[in-house]
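Trainee: I'll drop the sequence and a predicted model, then ask my questions.
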Amino acid sequence: MLTEGKMIEFKREVTEDIRKTVIAFANTDGGRIFAGVEDDGSVVGVHDPNGDILRITNTIRDSVHPDVTLFTDCRVEAMDGKQVIVVEVQRGTARPYYLSGKGVRPEGVFIRQGASTVPATETAILSMIRETSGDRYEIARSLNQQLTFDAATAYFAKKDVVFKDEQKKTLGFIGEDGTYTNLALLLSDQCTHIIKLAVFQGSQKTVFRDRREFSGSLFSQLEDVYSFIDRYNQMHAEISGLYRIDTRDYPTEAIREALLNAIVHREYGISASTLISIFDDRIEFITIGGLMKSISLSDIMLGVSALRNPNLANVFYRLKLIEAYGAGIPKINECYAEYGISPNIELSDNAFKITLPNVNFLTSANTKTGEKDLSERERQVLRLFDKAGTITRKDVEQASGISQATAITLLREMVSKGLIKKFGGGKNLKYSSGK
């Protein structure tokens, strides 16, 4: 028979006090709350389990900070023939957790002492802050401990790398406490993070041709997503003298490196999907997670690497999926060196976007219009029309990084070639595609 203790709490009914116990368990060693059980352990049950679960999850989400929902699980169980709600809470990685209305103060932070939930002292709060300041998602304990590794086992075997319990500990699948880490979750068959892929007609997100979601082990996602993209990486033939030259729309190595970058460097602590969009003229890879601190875009372009998920990167390195840390972006640029066009990288505080241009798209378009000798700046201007129907001189200056005088000269020459059209005048002067 269960009894109350450091990791077990009984509640006769669901009240707001349950959030304090959740905080205490998350700040200490985890535990379980049984709603519908008297202090003496007798089961009384709950009358509205679905409604109570909704109230519990809402109060946890709205009242507890930082977000602790990743470390909680709420379910209904049968005990003595009655329905009881079990709230399972794991020790969090962002301690101290606190009531949002109270802040990180003793009146808002709780811990477990024996079978009681009590306010934490300032000393305990400072200790928690020091302990968790360096925690990373991949080394935190997985909420799901019922993990299987069929895909990972097959992948390690294919690469002729041993994958037993000893290696799982060395690689970081198993933490110091003997439980599975989030790294294990990512590479397990139960991985909850997904990649969403969409194929669009033309160069705008207006008409879908296909869409898929890929789940499971990151190894499976890597293989399945690459195979799916490869179906749309068409081959185009060009006759040069006596020879036929076959060119795929996208350099296969560039796709591989962009996909690996999206998987290895993603911020998995944020529950948003990696997005891949295929258009007629480009492929976009949008990864959750901006640049690491003290690293700039120019550093990335040079091959400087600051790993968000070093354990995950190490696994991929051991399996020879990546050759060297930080080599991905320079390698992608090298793939495009012979085509006269460059991949584009965009950043925000929480996202990283790589755009791979279709090397055959501009060639095909230029051949149709007789424009075989476009300069790189002219191509940059034409690509602006993929996102907008009209552009201005300032748009060209910002996109190409050129002066006002150079932009005026460039636009004037493109108008004379019939590549673009101008309309309006003065401050309202704009340009449209010449097609």
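Mentor: Nice, thanks for sending it over.

Trainee: Which strands border the host helix or strand of F285, and is each parallel or antiparallel?
Mentor: Using DSSP states H and E, the element containing F285 is strand 282-288. Within its sheet, and counting by DSSP bridges, strand 282-288 is paired with strand 274-278 (antiparallel), strand 351-357 (antiparallel).

Trainee: Where does E346 fall, secondary structure wise?
Mentor: E346 belongs to strand 344-347, assigned by DSSP H and E.

Trainee: Which positions within that strand qualify as buried?
Mentor: Buried residues in strand 344-347, counting neighbours by 16 or more other Cβ atoms under 10 Å, are found at I345. For every residue, glycine as well, the C-beta is placed using N, CA and C.

Trainee: partner strands of it, parallel or antiparallel?
Mentor: In its sheet, and by DSSP bridges, strand 344-347 pairs with strand 351-357 (antiparallel).

Trainee: From what I see, Y250 and L356 are in contact.
Mentor: Yes - counting by Cβ atoms under 8 Å, L356 is a contact partner of Y250 at 5.4 Å.

Trainee: okay, and the common contacts of these two?
Mentor: Both Y250 and L356 are contacted by I283, under the criterion Cβ atoms under 8 Å, 6 or more residues apart in numbering.

Trainee: Considering helices and strands only, name the one in the protein with the lowest mean pLDDT.
Mentor: helix 359-369 (a mean of 60; mean pLDDT, DSSP states H and E).

Trainee: Next secondary structure after that one?
Mentor: helix 376-384.

Trainee: That following helix vs strand 351-357, what angle?
Mentor: For helix 376-384 against strand 351-357, the angle by axes from the mean of the first three to the mean of the last three Cα atoms, to 10 degrees is 110 degrees.

Trainee: Let me see the contact set for the residue nearest to the spatial centre of the chain.
Mentor: Against the mean C-alpha coordinate of the chain, by Cα atoms, centre = their mean, the closest residue is I288 at 3.6 Å. Under the criterion of Cβ under 8 Å, 6+ apart, the neighbours of I288 are 266-267, 270, 272-274, 350-351.

Trainee: Adding secondary structure, write these out as CSV.
Mentor: Converted to CSV, the contacts of I288 look like this (DSSP: H, G, I helix; E, B strand; the rest coil):
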residue, secondary structure
R266, coil
E267, coil
I270, coil
A272, coil
S273, coil
T274, strand
N350, coil
A351, strand
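
Trainee: just those now: which is nearest G41?
Mentor: Of all these, G41 sits closest to I270, with 40.2 Å by Cβ to Cβ.

Trainee: Return the set of residues that bridge with the residue nearest to the centre of the chain.
Mentor: Bridge pairing for I288 - DSSP bridges - gives A351.

Trainee: Check the gap between it and K205 for me.
Mentor: In this view, I288 and K205 are 19 Å apart by Cβ to Cβ, to the nearest Å.

Trainee: Report how many residues lie close to V315.
Mentor: 28 (other Cβ atoms under 10 Å).

Trainee: pretty sure it is in a helix, no?
Mentor: Yes - with three-state DSSP as the criterion, V315 is located in a helix.

Trainee: Identify all contacting residues around stretch 332-348.
Mentor: 251, 253-254, 257-258, 290-291, 297, 300-301, 329, 352-357, 359, 362, 376, 379.

Trainee: Among the strands paired with strand 282-288, which comes closest to T3?
Mentor: If we rank those by Cβ to Cβ, the stretch that ends up nearest is strand 274-278, at 45.7 Å.

Trainee: contact partners of the closest one?
Mentor: 193-200, 205, 225, 229, 232, 259, 262-263, 266, 283-288.

Trainee: How about stretch 169-180?
Mentor: Outside stretch 169-180, the residues touching it (Cβ under 8 Å, 6+ apart) are 138-139, 141-142, 144-145, 147, 165, 168, 181, 183-184, 187-188, 311, 314-315, 318.

Trainee: List only buried entries from these.
Mentor: The neighbour count (16+ other Cβ under 10 Å) marks 138-139, 141-142, 147, 168, 181, 183-184, 187-188, 311, 314-315 as buried among the contacts of stretch 169-180.

Trainee: from those residues, which ones fall inside strands?
Mentor: With DSSP state E as the criterion, strands contain none of these.

Trainee: Nearest to T15, out of those residues: which one, please.
Mentor: R141 (28.5 Å).

Trainee: any idea how far that closest one is from I174?
Mentor: For R141 relative to I174 (Cβ to Cβ), the value is 10 Å.

Trainee: what's the overlap in contacts for those two?
Mentor: Joint contacts of R141 and I174 (Cβ under 8 Å, 6+ apart) are 180-181.
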